[in-house]
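Engineer: Quick check, what structure comes out for this input:
(3 chains)
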Amino acid sequence: MSGAATDRDPAAGDAEDGWTIVAAVKQVPDSDEVGIDPDTGRLDRANAPAVLNAPDRDALEAALSIRDAVGGTVTAITMGPPTATDVLEEAVAMGCDDAALVTDRAFAGSDTWPTSYALAETVDHLDADVVVCGEETTDSSTGQVPPGIAAHNGWAQLTYVEGVDPLPEEGRLAARRDVEGGHERVAADLPVVVAVAYGEFEPRPAGLHRKLYAENDFEPMELTADDLGIDADDVGMDASPTQVGGMETVEPVDREKETVETPAELLDALADEGVIAR
Amino acid sequence: MTDDADATERSEPIANPSYDDAFDAIVVGAGLAGSAAAVTMADEGLDVLLIERGRYPGAKNVFGGVLYTPTLRELVDVTSAPVERYVAEKRFSMLSDDDETAVSLRPGEWHDPPHNDSYTVLRGEFDRWFAEQAVEAGAVLLTETTVTGLVREDDGRIAGVETDRPDGTITADYVVLAEGGNSLVSEGADLKKPERAENIAVGVKEVLEFPERDGVIRDRFRLSNDAGVSYHYFGEGAVGDAVGGGFIYTNEDTVSVGLAYRLSDAAGSQPKPEQTLNAFKSHPAVAPLLRGARTVEYGAKTIPEGGSESVPELVHDGAVVVGDAAGLVLNNGVHLEGTNMAVESGHLAGEAVADAAERGRTDEAAFRSYPERLEESFVVQNLERYGWLMERVETDRDLIFEELPHALADAGAEYFRMDREPKEKHAEEARERLFETVGGLRGAAKLAYRYRGVLR
Amino acid sequence: MTDAEAGDAESAPSEVDRAGDVWVFIEEHAGDVMSVSWELLTEGRRLADDLGDDLVALVIGEDVGDVADEAIARGADRVLVADDPVFEPYRADPYGTQFRALVEERIPSIVLIGGTHTGRDFAGRVAVPAHAGLTADVTELDVDEDGQLLARRPAFGGDVLATIVCPEHRPQMATVRAGVFETADPEPEREGDVEAVAVVVEEADALTEVRERDVSDTADITDADRIVAVGGGTEGELGPARALAEALDAELAASRKAVDEGWVDGARQVGQTGKTVRPELYVALGVSGAVQHVEGMNDSEVVVAVNDDPNAPIFEHADYGIVGDLFEVAPRLTTALEGEADPEEVLQ
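Structural biologist: Numbers count the residues shown, from 1 in each chain, chains lettered A, B, ... in the order given. Okay, here's the model as predicted:
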């Protein structure tokens, strides 16, 4: 079930130079396009198109920059329905060498545990040295899949990464980690799962010919549960420890919603509230 | 583990793909002219690449609101196109500050298909659909990519385009320039000169919706089902001192309201376009139509108004120019047409390119059929016919835009004044009022004669 | 784990039956404890009392005896301490391995971890091998009559609160952001049991190495009585906001946008993925009012919003709103406040 740590020495055994880098991306509803309904003040999700999770673009850039530094290949992967190939096209257009769609009915309804398990098996199957993910997704924002992938495989992990520094001579990846109050520089043994912080990598634009290729002629790999040696019982809703027990609309906090014209008026109001004294 | 090679059988990824000369033709801009050219060429079996700078075709396109579809109907199935309403009423109003004098046309036959081939559309939806027809005919659409220049051979032949993307140059035998009124590529490549200010109009437009009200548009504009209106306004009540006018078009759930007037007027003493538009929307004759509306979109564009004399050279070695980029817009106040001309020129250019491709030629002479057919078509015929009108209107601008609206309104008010005087007196005073503006009976006759071209 | 046990249907009680106790991870770095840990201990105390179980604090670090003692004073019945140089500074795999070993050995029912860069980093390393249910960014906690944890968090969009449950797996884990819960005062006379546990991690097993660490004190806005928050509308020009904050003796806070743009340090971010604050006065300058931000400040007593867009959602969540340019309004407010003769009189 949860794979034991695959003991691999990245320096030996790999025929080619460079590292095998895998970038895990996700398709989510477009949070920018989700407008606020001016009448209700609520998000209007129904019409939002599906796009690449914005932090994943940073992840792709980080992955490509590692390849630029040490050589090797970058393969983008995503777990989703067939329509998710759009995000793989974007990844290949940006420069990824190849891409795989991890898709199977058995995966439907997975929470972070089976999702990170399926992805862990995938990156193991692909012999990854480095796995790069976005910090979190704009739709669930738990940030738990990257640590989950590392945990399933018993690999090293680096989260909140703002800068990557490959150390091929050591067989390690060093990174600058954002922590409360400052930063750390941490070096991890390969294989390692990296979660990059949003906004720290400038995603490179897709080249013209590469974009044409990705959108019109490129075909991603498809990996099913069978291909990965995953038992259907170990994924999906039934294998998910957490379930949604109920949903309730949030009671909006009662606010005065008074419009005030001048600062003087405002300060008077605040004085009346007892928040400031006059 | 299963054997992935068998399971997927897909083509191996390509490390350094190149599409140089993979396409026969590159179309710059997926607006109406561009997509018309693309559909035409794809139908003829050419491999076409359609390059659009917006996130999707139509994202960056602005027009007043009415699409005329005679040529479109030959190219694609308009009945499945996303149109808003057909035009059932055309109305022309003269506005002074407080007055409105109007003529309204509602021919019964406009209610029957093909509805005089006049429909309001929203560009974001229509252009997207139209480009999709080109894709279905075999073209490749590439979005979020801006063409920045042309590739030229040593002998000057145009052999491809440069874009803003990395490795952004791509070559092809034929380039169709459909980049719109802001034709920076054509100008940058010295294919046309920047237009003079007096030949450019500025157009501003808002799309308004009526929240929480069902059937407001039908009620306000007296419509049923899919019928819609096209209202045009002139005079100082519309655009103040400038030469131009305003419009209101009804869409299914929204209303397009806007103005178009001379850029040179806009730059001068005129208030900003948004202010002029607000003043128009507040006019006593206009405001009630828009009461309770909320603005959901705002757009502006430049409109080439140079007429047939401003049309640049349409053919070059390796390239042709179509649509607004070719100045093919008829804007004389009475007629506001650019989209039908764009489609026509795109279609004719597409056929000329397909023809040249069959003969293996890329020299400009091989495309001659395009400008020749264009000249015989309504496009150039109409432009030439109305070329004189803009000059005359400029000369008479004070009369037409300021004095005449007042005179008509005053005369009308006088003619229908209800007091205890006999009607004969009112008729006489009305006539006097009108004649003092136009210069008596002779003056009226002269004025009619000067503008006879409108009806000839 | 579960599968092996399930084989013994009759004699072995289910995982749910065997699980007990509420655990709270106490996060410390070089002896300094993160305030969110004390907040969780207070909330954990409430849950433990509801369940009739013990509240156990987990301290992993080096030379952490004082931390253990404080945990008792702050409500823990017992403290499990893993004290070893391998645990300082923090790294995901040693902490994960140690914590996971304790969890598998003692099977807590509930585990609460602060949603900091540390907590969110290693929680998964416990949850995955333990096949536990992990809910992130919880805003409300409760137990139902069966003793099951109800972890509530806003669903995407924020206008809905989803309750996440973990019916068959233990422990039930949750991460909680700073400021969501309040801290009770410590009771120094409280007594409890401190147990030193076996350290199961060796340096040779570690997968990472911290080569440098550069941290300083961070602002803690969760305690502030008054806050001036800046959003995208400031476009990075924070002068007027800072001046107003000073005049009000307020802490500066920020929306996610302002932090992502690099204008303000992340420690000052208010919102679903930042801190939760509950000041007396919250002044939002140029903040649009996205639900994820409102989530973090909705418990403020009085909310004032300044925005030049009359349709900005923030106005739905404000007591007083000024539609206008913050670069004009904020300085005028500042001047008006400073104009008071005696500053002491201005602020209660």
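Engineer: any low-confidence regions in the stretch 251-400 of chain B?
Structural biologist: Within the stretch 251-400 of chain B, the ranges that satisfy pLDDT under 70 run B:263-270, B:332-335.
Engineer: let's see 50
Structural biologist: Within the stretch 251-400 of chain B, no stretch has pLDDT under 50.
Engineer: beta partners of the residue of it found nearest chain A?
Structural biologist: Going by C-beta to the nearest C-beta, chain A is nearest to B:Arg294 of the stretch 251-400 of chain B, at 7.6 Å. (C-beta placed from N, C-alpha, C; glycine too.) Beta-bridge pairing for B:Arg294 (DSSP bridges): B:Glu209.
Engineer: Assess the claim that it and B:Pro211 are in contact.
Structural biologist: Yes: taking C-beta atoms under 8 Å as the definition, B:Arg294 is a contact partner of B:Pro211 at 5.8 Å.
Engineer: So which of the two has more stuff around it?
Structural biologist: B:Arg294 (15 against 12; other C-beta atoms under 10 Å in any protein chain shown).
Engineer: how close does the more buried one get to C:Glu246?
Structural biologist: Noted for B:Arg294: a distance of 40 Å to C:Glu246, by C-beta to C-beta, to the nearest Å.
Engineer: do the same with A:Ala269
Structural biologist: 21 Å.
Engineer: neighbour-wise, which of those two wins?
Structural biologist: A:Ala269 (18 against 14).
Engineer: which element is the more buried one on?
Structural biologist: Taking DSSP states H and E as the criterion, A:Ala269 maps to helix A:263-273.
Engineer: next one: A:Leu158
Structural biologist: Using DSSP H and E, A:Leu158 sits in strand A:156-167.
Engineer: Report the buried residues of that strand.
Structural biologist: Across strand A:156-167, burial judged by 16 or more other C-beta atoms under 10 Å in any protein chain shown covers A:Ala156, A:Gln157, A:Leu158, A:Thr159, A:Tyr160, A:Val161, A:Glu162, A:Gly163, A:Val164, A:Pro166.
Engineer: Can you name the residues that contact the third one?
Structural biologist: If you count contacts by C-beta atoms under 8 Å, 6 or more residues apart in numbering or on different chains, A:Leu158 has them with A:Leu173, A:Ala175, A:Arg177, A:Val186, A:Ala188, A:Val192, A:Val193, A:Val194, A:Ala195, C:Thr208.
Engineer: Next step: the residues you listed restricted to strands.
Structural biologist: By the criterion of DSSP state E, membership of these in strands covers A:Leu173, A:Ala175, A:Arg177, A:Val186, A:Ala188, A:Val192, A:Val193, A:Val194, A:Ala195, C:Thr208.
Engineer: Can you tell me which of those residues lies closest to B:Glu274?
Structural biologist: A:Ala195 (45.6 Å; C-beta to C-beta).
Engineer: any idea how far that closest one lies from chain B?
Structural biologist: According to C-beta to the nearest C-beta, to the nearest Å, A:Ala195 stands 26 Å off from chain B.
Engineer: Wait, that residue touches A:Val131, no?
Structural biologist: No: judged on C-beta under 8 Å, A:Ala195 makes no contact with A:Val131 at a distance of 9.3 Å.
Engineer: between these two, what contacts are shared?
Structural biologist: Taking C-beta under 8 Å, 6+ apart as the criterion, A:Ala195 and A:Val131 both touch A:Pro146.
Engineer: ok, and what's touching the strand or helix carrying B:Leu67?
Structural biologist: Here B:Leu67 sits within strand B:66-68, counting by DSSP H and E. The contact list for strand B:66-68, computed with C-beta under 8 Å, 6+ apart, reads B:32, B:83, B:87, B:117-121, B:126, B:230, B:249, B:336-337, B:339-340.
Engineer: what comes up buried for the next helix or strand after that strand?
Structural biologist: Per DSSP H and E, strand B:66-68 leads on to helix B:70-75 as the next helix or strand towards the C-terminus. Across helix B:70-75, burial judged by 16+ other C-beta under 10 Å covers B:Thr71, B:Leu72, B:Leu75.
Engineer: what's the answer for stretch C:106-126, then?
Structural biologist: Per 16+ other C-beta under 10 Å, stretch C:106-126 contains these buried residues: C:107-126.
Engineer: Need the distance between the two termini of that stretch.
Structural biologist: Separation of the first and last residues of stretch C:106-126 by C-alpha to C-alpha, to the nearest Å is 13 Å.
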